[in-house]
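Trainee: Sequence unavailable; structure follows:
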């Protein structure tokens, strides 16, 4: 078992036969002839744990350069197979730029050599002697993210090492974050932001499944069997991104440079990091670390409602959670307001518990309100923002929808959010109707009246997506909608594209509001079932003062309360409609049954909401 706190200096004497060479960590001191062999003498002056010590032996050729660092010129040595030597310059064309980015943000390069060696054993952050896999040195930059990841370990993992295997996020999560940081530094904002959003979606979808670590874990206590798993790497990277935005760049980067100096060539724990950041920034970091590091899962935030109060707009935010029972406390959430001219204005609010609110003095009349529009925290939502100015297909993979814009009179702003949490339940449960316990969608925007669009909502039982919803072969999937959180869910007309277990539910007209998947369990009648709708239709549903009942065949109409009491019975001598006056009925669920003259029955459920 690796001991991450036991560090030492290393001196290597390695004897190899020609034409082989021995490449180790540190600086090559001398080569000593030894008959038909050569002894390579290397010295690593900085203390490192045993797992970062290395020896690589092969028929290598050496590519050399120099990096002009913040404090000194640092030799670059890249040892490769003869067949790779002509590819080195192309594959490492951005090496110095990446080093510049890391020095700018994390402080001077902490070792005496920048070294990589081509090996057959994958990538590994051996101090000053990064093992870099065969095949990646191909003359192009497709794999530069990999050496950037390993290079960033010179600061996170090699200079300061996690105190235990259970806290590997302190090494690997920061390296994943640095994959984004170097892209931001040398390519600009767009590239790294898309990478971050894709990573965010993958973690929310898979981290807790067999495709990841098969459970939700706190970052500071990941079991050793999944030390090098999705939580330590990818969720760790998301949490570092969230920490950066929680503190802001002006506090975050200087504080982390201070941390790396305070614990230089030592080991440190998550608690050490929390305490240092608290001391260095003056911000109490315990709530953040309790939420994001010491507890499993993710917070989920959604705007419940917006109410105008005199000159202010009060925003009510609802919190749920994904992967844990307790709600997060003292979350700083950024609230964005957008007006009809698409101007943006934002401010932050503190969210604790299930409901929080704050009044904002907004400088304009808001047309829509959004949370975390710039994706500064890794909460349990994935958002897609689109400017719609032409007809055609818009595929939003992070939101699991496909939109077909059929007409557009002027540009519109569309925001679709995929919520990785359970939707609100029905006000009145309907027997046999079960809502998703895992996800739902919300649609909002500016000037959406300018466009006409259909939408396909993706479902899949087999990809750890809707497996808890689609449980039985006889279950019938359906789509529910509500215009806002104060309204009851209602069933939509849709077209099912694909088999029962995977496909799309398509609606003709996409509107603002929330959408969720649900199923009619086996043995219950789906009101959108074509077989039943030919003989019996019930609308509106939910209803208030009346219900229209339409049939295509003569027969008997019976209406029952949820407890089985017969409310009304009426014979229809021919097909047609009847109106049921519900003014005297209580709110609740009722069952309407039609029996034709041949004795065949069909039934529907209807909700009465007063």
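Mentor: Nice, thanks for sending it over. These numbers were taken from a predicted model, which means no experiment stands behind them.

Trainee: Would you check that residue 524 makes contact with residue 434?
Mentor: No - Residue 524 lies out of contact with residue 434 (C-beta atoms under 8 Å); the separation is 9.6 Å. Bear in mind the C-beta positions are built from the backbone N, C-alpha and C, glycine included.

Trainee: ok now do the residue nearest the centre of the chain, which residues does it touch?
Mentor: Central residue of the chain (C-alpha atoms, centre = their mean): residue 200, 2.7 Å from the mean position. Contact analysis of residue 200 by C-beta atoms under 8 Å, 6 or more residues apart in numbering lists 238, 375, 378, 382.

Trainee: Secondary structure of the first one: a strand, I assume?
Mentor: No - under the criterion used here (DSSP: H, G, I helix; E, B strand; the rest coil), residue 238 is helix, not part of a strand.

Trainee: can you give me the helices in the chain?
Mentor: 88-91, 95-106, 144-152, 169-187, 189-206, 230, 236-247, 249-262, 270-281, 286-292, 530-533 (DSSP state H).

Trainee: Quick one: closest of those helices to residue 321.
Mentor: Ranking these by proximity to residue 321 (C-beta to C-beta) places helix 286-292 first, at 10.1 Å.

Trainee: So which other helices or strands are in contact with that closest one?
Mentor: helix 236-247, helix 270-281 (3 or more C-beta pairs under 8 Å, 6 or more residues apart in numbering; DSSP states H and E).

Trainee: can you tell me which residues contact residue 574?
Mentor: Residues in contact with residue 574 (C-beta under 8 Å, 6+ apart) are residue 554.

Trainee: Which positions in stretch 253-261 come out as buried?
Mentor: By neighbour count on 16 or more other C-beta atoms under 10 Å, the buried set for stretch 253-261 is 253, 255, 256, 257, 258, 259, 260.

Trainee: Repeat that for stretch 183-196.
Mentor: Buried positions in stretch 183-196, judged by neighbour count with 16+ other C-beta under 10 Å: 183, 184, 185, 186, 192, 196.

Trainee: Now the fourth one. Nearest residue, chain neighbours left out?
Mentor: Going back to what we said before, that points to residue 186. Closest residue in space to residue 186, ignoring its immediate chain neighbours: residue 97 at 4.8 Å, by C-beta to C-beta, 6 or more residues apart in numbering.

Trainee: Hmm, the one you found is touching residue 183, no?
Mentor: No - with contact defined as C-beta under 8 Å, residue 97 does not reach residue 183; the gap is 11.1 Å.

Trainee: Could you report the neighbour count for residue 456?
Mentor: 22 (other C-beta atoms under 10 Å).

Trainee: and it, what pLDDT?
Mentor: With respect to pLDDT, residue 456 scores 98.

Trainee: Can you tell me, leaving aside adjacent residues, what's nearest to it?
Mentor: Nearest non-adjacent residue to residue 456, counting by C-beta to C-beta, 6+ apart: residue 504, 3.8 Å away.

Trainee: Show me what that neighbour bridges to in the sheet.
Mentor: Under DSSP bridges, the beta-bridge partners of residue 504 are residue 458, residue 497.

Trainee: In this structure it contacts residue 494, no?
Mentor: No - counting by C-beta under 8 Å, residue 504 stays clear of residue 494, with 9.1 Å between them.

Trainee: how about residue 75, what does it touch?
Mentor: Residue 75 is in contact with 64, 65, 66, 67, 112, 113, 114, counting by C-beta under 8 Å, 6+ apart.

Trainee: any idea which of the residues you listed has the most stuff around it?
Mentor: Among the contacts of residue 75, residue 114 has the most neighbours (other C-beta under 10 Å), with 24 neighbours.

Trainee: Tell me the spacing between that one and residue 102.
Mentor: Residue 114 sits 11 Å away from residue 102, going by C-beta to C-beta, to the nearest Å.

Trainee: List the residues that are in contact with both of the two.
Mentor: residue 151.

Trainee: thinking again about what came up before, tabulate the helices of the chain (CSV), appending distance to residue 313 and mean pLDDT.
Mentor: Below are those laid out as CSV (distance: least, C-beta to C-beta, whole Å; pLDDT from 0 to 100):
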stretch, distance to residue 313, mean pLDDT
helix 88-91, 53, 98
helix 95-106, 37, 98
helix 144-152, 42, 98
helix 169-187, 33, 97
helix 189-206, 28, 94
helix 230, 39, 98
helix 236-247, 24, 98
helix 249-262, 29, 98
helix 270-281, 31, 98
helix 286-292, 26, 97
helix 530-533, 43, 38
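
Trainee: Ok, which of these comes nearest residue 48?
Mentor: For the helices of the chain, the distance to residue 48 is smallest for helix 169-187, at 12.8 Å, taking C-beta to C-beta.

Trainee: The closest one versus helix 236-247: what angle between them?
Mentor: Relative orientation of helix 169-187 versus helix 236-247 (axes from the mean of the first three to the mean of the last three C-alpha atoms, to 10 degrees): 70 degrees.

Trainee: how much space between the residue nearest to the centre of the chain and residue 470?
Mentor: Noted for residue 200: a distance of 25 Å to residue 470, by C-beta to C-beta.

Trainee: And for residue 267?
Mentor: Residue 267 is 47 Å from residue 470, by C-beta to C-beta.

Trainee: Repeat that for residue 210.
Mentor: Taken as C-beta to C-beta, the span from residue 210 to residue 470 is 18 Å.

Trainee: So these two - more neighbours on which side?
Mentor: Legend: neighbour count by other C-beta under 10 Å for residue 210 and residue 470, higher for residue 470 (21 against 9).

Trainee: The more buried one reaches residue 461, doesn't it?
Mentor: Yes - assessed by C-beta under 8 Å, residue 470 is found in contact with residue 461 at 4.1 Å.

Trainee: Can you pull the residues that touch both of the two?
Mentor: Applying C-beta under 8 Å, 6+ apart, one finds that residue 470 and residue 461 are jointly contacted by residue 501.

Trainee: Look up the pLDDT of residue 528 for me, please.
Mentor: pLDDT recorded at residue 528 is 45.

Trainee: measure the residue nearest to residue 456 to residue 204 for me?
Mentor: Counting by C-beta to C-beta, the separation of residue 504 from residue 204 is 21 Å.

Trainee: go on, residue 115?
Mentor: For residue 115, the distance to residue 204 (C-beta to C-beta) stands at 37 Å.

Trainee: Then residue 503?
Mentor: According to C-beta to C-beta, residue 503 stands 22 Å off from residue 204.

Trainee: Looking at those two, which is more packed in?
Mentor: Neighbour count, other C-beta under 10 Å: between residue 503 and residue 204, residue 204 has more, with 25 against 16.

Trainee: dump the residue contacts of that one.
Mentor: 298, 322, 380, 382, 420.

Trainee: Would you confirm that the fourth one contacts residue 197?
Mentor: Yes - with contacts defined as C-beta under 8 Å, residue 382 counts as touching residue 197 at a distance of 6.9 Å.

Trainee: between these two, which one's more packed in?
Mentor: The neighbour comparison of residue 382 against residue 197 (other C-beta under 10 Å) goes to residue 382, with 24 against 15.

Trainee: Model confidence at that one, what's the number?
Mentor: On the pLDDT scale, residue 382 gets 98.

Trainee: what sits against it?
Mentor: 197, 200, 201, 204, 398, 399, 417, 418, 420.

Trainee: which one among these gets closest to residue 45?
Mentor: For the contacts of residue 382, the residue nearest residue 45 by C-beta to C-beta is residue 200; the value is 40.1 Å.

Trainee: What's the local residue count around residue 384?
Mentor: For residue 384, the tally of surrounding residues (other C-beta under 10 Å) stands at 19.

Trainee: what does residue 568 give?
Mentor: Neighbour count of residue 568, defined by other C-beta under 10 Å: 16.

Trainee: cool, residue 600 as well?
Mentor: For residue 600, the neighbour count with other C-beta under 10 Å is 11.

Trainee: do residue 559 as well
Mentor: 21.

Trainee: what pairs with it across the strands?
Mentor: Per DSSP bridges, the residues bridged to residue 559 are residue 568, residue 592.

Trainee: Hmm, it is touching residue 568, no?
Mentor: Yes - with contact defined as C-beta under 8 Å, residue 559 reaches residue 568; the gap is 4.3 Å.

Trainee: This completes my enquiry, with thanks.
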